[in-house]
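K.L.:
Got a sequence here, can you build the structure:
(2 chains)
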Amino acid sequence: MKFFQWDEWTANSSQWERFSCTIKQTLHHDLVLENRQTPQRVHTPTGKIGIFVSSQSSSSSSTPQPTKTAVMPFGNSHNQLKMKNTSEQEYPDLSKHNNHMAKVLTPALYENLRSKQTPSGFTLDDVIQTGVDNPGHPFIMTVGCVAGDEETYEVFKELLDPVIQDRHGGYKPTDKHKTDLNPANLKGGDDLDANYVLSSRVRTGRSIRGFCLPPHCSRGERRAVETLSVEALGALTGDLKGKYYALKNMTEAEQQQLIDDHFLFDKPVSPLLLASGMARDWPDARGIWHNDNKTFLVWVNEEDHLRVISMQKGGNMKEVFTRFCTGLTKIEELFKNKGHAFMWNEHLGYVLTCPSNLGTGLRAGVHVKLPNLSKYRQFEEILKRLRLQKRGTGGVDTAAVGGTFDISNADRLGFSEVELVQMVVDGVKLLIEMEKRLEKGQAIEDLMPAQK
Amino acid sequence: MASMFTRVLSGRNTAVIMAGLGAGTLVSSYIMTQESGVTAGEKIKLYPPSADYPDLRKHNNCMASALTPAIYGQLRDKLTPNNWSLDQCIQTGVDNPGHPFIKTVGMVAGDEESYEVFAEIFNPVIKDRHNGYDPTTMKHPTDLDSSKITSGMFDENYVLSSRVRTGRSIRGLSLPPACTRAERREVERVTVQALSGLKDDLAGKYYSLTEMTEQEQQQLIDDHFLFDKPVSPLLTCAGMARDWPDARGIWHNNEKTFLIWINEEDHTRVISMEKGGNMKRVFERFCRGLKEVERLIQERGWEFMWNEHLGYILTCPSNLGTGLRAGVHVRLPLLSKDSRFNKILDNLRLQKRGTGGVDTAAVGDTFDISNLDRLGKSEVELVQCVVDGVNYLIDCEKKLEKGQDITIPSPVAQFRK
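P.N.:
Numbering: from 1, shown residues only, chains lettered A, B, ... in the order given. Okay, the predicted model is just below:
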């Protein structure tokens, strides 16, 4: 199958220009080009480099100097320029920062890594920009760095390995991550009390090998990811059969429906995301796919190439997880049929944009009513021991409404998918039991769990 | 083949479809290539400009009006000597489609050479924004001789304050969208060093944003001097807020009438202001201060970015030429309600804003009135235009107070012949 030949396109485009311009315009264009001044770099007497643009229009003697050719049509492409300055001059001021990147990035490490870049041109400053721009919060430790492609984790491992270790409970550079997407291995989970559990949800992300990640990708790459994903998802059948809604082509009615279903994602507003560059060109090549039953949902080109979500009302986490695994496995197969794999390796598991989502990238959670337990003095401690995390029902960075919490696994890496969902299932069961006891005014000290 | 490309290049709509098609066909071709570690050089050939061309169908800014697929194709792979690319120039315009009524510029320069290397897109944008000014054929006049201003003292029953601002860039260093931390710090160092040489009524002090005390911060807020991290997506999408607040700061003289912002939207923004209506004095201080600063940086081998076609080079094409906005806060309770107000302003080449600055609404009957133009007329011409215009507005207000009628003035001429 033929694809665009670059040389052909340029040759023809300049041909077209000459045809379609009027003779007058063309002549003016050519004349002006020949007479245009060119900036010349010169040294002033004090040795500083300045640029002088000659004020007289010279005739044929000064031909336009050839401009350099781009390596990539996007991103922080002037890394070589920075090498002219010392590392100390370029090192960011991290004195007020509290994120994983700031803890790890010493001046010495900055000096070691700043001359490097991945094959697609992602540099150290690209990795850390979001962490430099967002100092963080005294209580909440953000990651502070992102990957621009799969190779980022290799080229900048001296920075990212300690960040990963810090973020993922001591996960060592030599550790191996296990992947287990067999729902049969999950014990129970089909009977979480629906009087308390309002909904169950499992999400993860996937990146398509060979393409740059959202902070770094060009429009062409992002569109290619979209095209590929839509083709693959279009081949799903049975209860997974569904439809794609591109963000930029959505009708008002479709948009409202997706909002009502709690499916629609919006342009990111969090400065953590914006500073990394992943919201560029919004809403180009972004969209939402979901099955007709509205229980399986894929976000395309939001924070990652793909975010895959399985959800339903009630407490049947087992069913949610089963659909999740089946769907993911099918999608992976469909991609493989087109010659594409997901980014994965045996050390980091599934590779995603944010180091916090490595491994499984999995967040399994429920919306659960815990009005009494949430006021219990040891609530935080219980969650910590169960390796669970609480959020408001609006998702990350929101507050709980009326005693209803989003409870999910805190870990991503170092445990398999089945293990994490198991923790949620077992943990939530315990939380509900505690809640019931507290409702009746009974004590719960004997139910206190050990640290998992 | 020619007809296919004519279709591609003749309309943005078809270009987008082609981009999608282009991407689709290349995806199939991907089967042949290795799965990981595709180098940047290889990617360039896989993604021709048609695949990367932005979708500008819903956009209303100067960049979107001017950026044809042909121009994009010619410029996409070029870099300035500082390795700044076209995509980086236009990112803010792609990310911010604009407003049906307000046409933003939609692109920025990363360095002085951007205006040259990407002239094919900058020139039509400059023409669009600056009333047909053609950088290829026209020359921009610079005139900072404040003695030429006449009638520069306003009736202070109406004019509450007067202000003149502009920007200056340090030649040889990249502009805020592109600069590295070291370059930004160098801009700060060079400027602060020069400013410390100012004397007499211009003598003052620098307050770095990173080192400011709580007290200093509060004082600067009370004086209406402090600038904050930009929140406008027009600015943040261009990358000028990176590394905030590193190497940003405010310098002002002891009398609080001459103020310089360092590394906000431009290398430097220079502001002369005072309460009352003495625009002539404000402009005199402005010119004197600017010339002093220029002399002081030249002593150390630096200079401002300037050329005879574009005048003073700044980050946003809308600020080229003089980069000058001379304005007053003026009370016009009767005139502002007159249906002819906007037409009068138009003909006088004036612009109204709320007293909070750009994109704010007027409070009460007090307006910020300033010059519309930046390029093609000198500083003296623009300030004189504001002086004459505001005097005319005050005259109208007085007439309306007495129950007399007002007339719409004839339009002011555009460029000097």
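K.L.:
rest of the way, CA atoms for contacts and neighbours
P.N.:
Fine.
K.L.:
would you say residue B:272 is within a strand?
P.N.:
Yes - counting by DSSP: H, G, I helix; E, B strand; the rest coil, residue B:272 is located in a strand.
K.L.:
quick one: low-confidence parts of the chain?
P.N.:
If you meant another chain, say so; for now it's chain A. A:1-78, A:394-398, A:400 (pLDDT under 70).
K.L.:
looking at chain B here, not the other one
P.N.:
For chain B, the ranges with pLDDT under 70 are B:1-38, B:40-45, B:356-362, B:415-417.
K.L.:
quick one, longest strand in it?
P.N.:
strand B:159-168 (DSSP state E).
K.L.:
Which elements pack onto the helix or strand following that strand?
P.N.:
Counting by DSSP states H and E, the element after strand B:159-168 in chain order, helix or strand, is helix B:181-195. Helices and strands touching helix B:181-195, by 3 or more C-alpha pairs under 8 Å, 6 or more residues apart in numbering or on different chains; DSSP states H and E, are helix A:87-90, strand B:249-253, strand B:258-262, helix B:279-299.
K.L.:
Mind doing that once more with 6 Å?
P.N.:
helix A:87-90 (3 or more C-alpha pairs under 6 Å, 6 or more residues apart in numbering or on different chains; DSSP states H and E).
K.L.:
in the helix it packs on, what counts as buried?
P.N.:
Going by neighbour count (16 or more other C-alpha atoms under 10 Å in any protein chain shown), the buried part of helix A:87-90 is A:87, A:90.
K.L.:
Give me the contact list for that helix.
P.N.:
A:111, B:181, B:182 (C-alpha atoms under 6 Å, 6 or more residues apart in numbering or on different chains).
K.L.:
do the same with stretch B:291-307
P.N.:
Taking C-alpha under 6 Å, 6+ apart as the rule, stretch B:291-307 contacts A:46, B:169, B:170, B:171, B:194, B:312, B:313.
K.L.:
Counting neighbours, what do you get for the nearest residue to the fifth one once chain neighbours are set aside?
P.N.:
Leaving aside its chain neighbours, residue B:194 sits nearest to residue B:296 (5.2 Å; criterion: C-alpha to C-alpha, 6 or more residues apart in numbering or on different chains). Number of residues near residue B:296 (other C-alpha atoms under 10 Å in any protein chain shown) recorded here: 21.
K.L.:
and what of residue B:57?
P.N.:
12.
K.L.:
Can you list phi and psi of it for me?
P.N.:
When read as degrees, to the nearest 10, the backbone of residue B:57 gives phi -70, psi -30.
K.L.:
State which strand of chain A is the longest.
P.N.:
Ranked by residue count under DSSP E, the longest strand found in chain A is strand A:197-206.
K.L.:
Please point out which parts of that one sit buried.
P.N.:
The neighbour-count check on strand A:197-206 (16+ other C-alpha under 10 Å) flags A:197, A:198, A:199, A:200, A:201, A:202, A:203, A:204, A:205, A:206 as buried.
K.L.:
ditto for stretch A:114-122
P.N.:
Of the residues in stretch A:114-122, those buried (16+ other C-alpha under 10 Å) are A:114, A:117, A:118, A:119, A:120, A:121, A:122.
K.L.:
CSV for those residues, including secondary structure and distance to residue B:243?
P.N.:
What follows is the buried residues of stretch A:114-122, written out as CSV (DSSP: H, G, I helix; E, B strand; the rest coil; distance: C-alpha to C-alpha, whole Å):
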residue, secondary structure, distance to residue B:243
A:114, coil, 16
A:117, strand, 20
A:118, coil, 22
A:119, coil, 25
A:120, coil, 24
A:121, coil, 21
A:122, coil, 18
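K.L.:
and the residues you listed near chain B, which?
P.N.:
Near chain B, judged by C-alpha under 6 Å from any C-alpha of the partner chain, the entries from those are A:119, A:120.
K.L.:
returning to that earlier point: of the contacts of helix A:87-90, closest to residue B:211?
P.N.:
residue B:181 (16.8 Å; C-alpha to C-alpha).
K.L.:
Nearest residue to that closest one in space, please, no chain neighbours.
P.N.:
residue A:90 (5.3 Å).
K.L.:
Identify the single longest helix in the chain, thanks.
P.N.:
By default, I'm working from chain A. helix A:417-439 (DSSP state H).
K.L.:
wrong one, chain B
P.N.:
Max-length helix for chain B by DSSP H is helix B:379-401.
K.L.:
can you list contacts of that one?
P.N.:
B:143, B:149, B:152, B:335, B:348, B:371, B:406.
K.L.:
Could you do stretch B:409-416 as well?
P.N.:
By C-alpha under 6 Å, 6+ apart, stretch B:409-416 touches B:347, B:348, B:376.
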